[in-house]
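> I'd like to go over a predicted model; first the sequence, then the structure.
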Amino acid sequence: MKPNAAVGAGGITIRSSRTSCLRNEGAFTLIEVAVASAVLAIALFALIGVCAHAMRIARRLDMNHVDCTSLAAEFSLSNRVDEPDQSGDFGNLHPGYQWQTHSEEVGTNGLIQRDFIVFSSFDKQGTERHLSVYYYNPNIIRGNR
């Protein structure tokens, strides 16, 4: 008797197509599944790496940098535009940031230029922000302070 044949009722030979189909069918082997899983894992780790890099860049762009406008607004509200040069920090409001001001009279018509500089003590690039604002003080005329 042939290996694919089976004897049925009444001595009739029946060929089993089921066993021959399973052996000839294109199924995946364990090695093929393992290789496909490894390729998928490598692709997923690469995608996670790209996403993590994008998140680091987004965090860097989202950092709250202190600029000079809040400092200039505070000095303009004090109505003391003829104050001498000053420096300080922002305390708990913006830890690690410091500021400096410099004032000088421009011309003889009471116009004062105040320069504001804000810098960070922890900024690796040493970025400074500069702002010059002109104030008018009618009490200062012809260079008399």
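On my side now, so go ahead.

> And the strands in the protein?
5-7, 13-15, 86-89, 97-106, 111-120, 128-136 (DSSP state E).

> Which pLDDT does the model give I31?
Looking at I31, its pLDDT is 93.

> should've said N79
For N79, pLDDT reads 61.

> now D62
D62 is assigned 67 on the pLDDT scale.

> Who are the contact partners of A72?
R114, F116, L131, V133 (CB atoms under 8 Å, 6 or more residues apart in numbering). Bear in mind the C-beta positions are built from the backbone N, C-alpha and C, glycine included.

> mind redoing it with 6 Å?
Residues in contact with A72, defined by CB atoms under 6 Å, 6 or more residues apart in numbering, are F116, L131, V133.

> what stretches of the protein score poorly on pLDDT?
1-25, 62-64, 79-83, 123-126, 140-145 (pLDDT under 70).

> Kindly list the longest helix within it.
helix 30-61 (DSSP state H).

> Can you give me the buried ones in that helix?
Across helix 30-61, burial judged by 16 or more other CB atoms under 10 Å covers no residue at all.

> Give me the distance from it to the chain's centre.
19 Å (CA atoms, centre = their mean, to the nearest Å).

> heads up, I number from 3, so please use that
Done: numbering now begins at 3, and the last item shifts to helix 32-63.

> and it, what other elements does it pack with?
Contact partners of helix 32-63 among helices and strands, from 3 or more CB pairs under 6 Å, 6 or more residues apart in numbering; DSSP states H and E: none.

> May I ask which of the contacts of A74 has the most neighbours?
Within the contacts of A74, F118 tops the neighbour count with 21 neighbours, counted by other CB atoms under 10 Å.
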